[in-house]
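Undergrad: my questions are about this predicted structure, shown below with the sequence.
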Amino acid sequence: MKLVVIAGATATGKSAISVELAQKIDAEIINADSMQVYRGMDIGTAKISVSERQLIPHHMLDVLDVSQDSTVAWFQDEARKLIDEIHSRGKSVVIVGGTGLYIKSVIDELNFPDTDPMVRHTLNKEAEEQGIDAMFARLEKLDPAAAIAIDRANLRRIIRALEVIEITGKPFTANLPREASVRYPAARQFGLVMDRDQLSERIDQRVNQMFENGLVAEVQKLVAAGLLQGRTAQRALGYSQVLAQLKGEVSLDAAIEETKRATRQYARRQETWFSRDSRIKWISPRQDRLETIMESL
């Protein structure tokens, strides 16, 4: 049984190639996108449709309510149980997504320090007083590598990284293992890459399509259900911009353009994160992606 990872920046075509690959190698798919785990967040996360999922069993999609928080430790535990269960049935596994820390937590032996309520309380209080920008600036100073991997709008993860630094006395990324410390040494990792202009164009097209497909209505539905009070949706690309538009803070056109800008910025951060892992074999659009992966397995 194989374990294959398909990683890369948003809008590079990971979902489509993962389905093709899973059909070829008799595999089931585990989602590794931190936003696609949420029920009701479909259009804005470019989640594969329910009908498309009929081709191949998908896991870790629609497993949490938007009001719930996902954590790396939770994802690690759930994904590893799924891998073992799928392999026990004689089938291979394809992990697909753009959340680099989620993928690394599964493949490598990451150990997450327990939370310290007092440290967490102090950091939350400082965040209220100083603001998210000041907290992110502190993280950049203490652990530049973690600042690359964590969205500067994601206060919860910024605080968690600062908490780990406080508890362990080491940078957050010092708790990430070197390549020799792996849980699944036979895992093969592939990354989809595009040149910046092409990726930017694809992101613009994707965002336009999301709004045409009803992203605003999707957000309104979640608001009506009282599900957009939590931190998750407040930081999700597209959703936070639509919320601002619905509050009258920006126009619809401005929300669309800001979603494009924020998504391009996020894609660059994803590329930077994945580029640090020398185990990833990169595949460009000029190559036959499926054939290249199959030849490497």
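TA: That came in fine, so what should we check first?
Undergrad: which element is residue 160 on?
TA: Following DSSP states H and E, the helix or strand that holds residue 160 is helix 155-168.
Undergrad: quick one: residues contacting the residue nearest the centre of the chain.
TA: Among the residues of the chain, the one closest to the centroid is residue 99, at 2.7 Å (C-alpha atoms, centre = their mean). Counting by C-beta atoms under 8 Å, 6 or more residues apart in numbering, residue 99 makes contact with 32, 33, 34. Glycine gets a C-beta too; all of them are placed from N, C-alpha and C.
Undergrad: wait, the second one touches residue 98, no?
TA: Translated: residue 33. Yes: assessed by C-beta atoms under 8 Å, residue 33 is found in contact with residue 98 at 5.9 Å.
Undergrad: the longest helix along the chain packs against which elements?
TA: With secondary structure taken from DSSP state H, the chain has its longest helix at helix 252-275. Based on contacts counted as 3 or more C-beta pairs under 8 Å, 6 or more residues apart in numbering; DSSP states H and E, the elements that helix 252-275 packs against are strand 3-8, helix 100-107, helix 144-149, helix 196-212, helix 239-246.
Undergrad: which one of these lies closest to residue 124?
TA: Closest to residue 124 of the helices and strands packed on helix 252-275, according to C-beta to C-beta: helix 144-149, at 18.2 Å.
Undergrad: from the chain's centroid, how far away is that closest one?
TA: Its chain's C-alpha centre lies 15 Å from the corresponding centre of helix 144-149 when counted by C-alpha atoms, centre = their mean, to the nearest Å.
Undergrad: in the stretch 101-250 of the chain, where is pLDDT below threshold?
TA: When the per-residue scores of the stretch 101-250 of the chain are filtered using pLDDT under 70, the ranges that remain are 174-180, 229-234.
Undergrad: if you set the cut-off to 90 instead, what comes out?
TA: Within the stretch 101-250 of the chain, the stretches falling below the threshold (pLDDT under 90) are 101, 104-105, 109-122, 144-154, 156-157, 160, 164-182, 223-236, 240.
Undergrad: any idea how this protein splits into domains?
TA: As assigned by automatic domain parsing, the chain contains the domains 3-110+181-194+278-296, 117-175, 198-266.
Undergrad: quick one on the thing from earlier: can you lay out the contacts of residue 99 as a markdown table showing neighbour count and distance to residue 279?
TA: What follows is the contacts of residue 99, written out as a markdown table (neighbours: other C-beta atoms under 10 Å; distance: C-beta to C-beta, whole Å):
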| residue | neighbour count | distance to residue 279 |
| --- | --- | --- |
| 32 | 26 | 15 |
| 33 | 21 | 20 |
| 34 | 23 | 21 |
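Undergrad: nearest to residue 248, of those residues?
TA: For the contacts of residue 99, the closest approach to residue 248 (C-beta to C-beta) belongs to residue 34, at 29.0 Å.
Undergrad: pretty sure residue 56 contacts residue 20?
TA: No: counting by C-beta under 8 Å, residue 20 is not a contact partner of residue 56; they are 9.4 Å apart.
Undergrad: which of the two has more neighbours?
TA: residue 56 (18 against 15; other C-beta atoms under 10 Å).
Undergrad: give me every residue that touches that one.
TA: Taking C-beta under 8 Å, 6+ apart as the contact definition, residue 56 lies against 19, 22, 23, 27, 28, 29.
Undergrad: now, among those residues, which is nearest to residue 149?
TA: For the contacts of residue 56, with residue 149 as the reference and C-beta to C-beta as the criterion, the closest is residue 29, at 23.6 Å.
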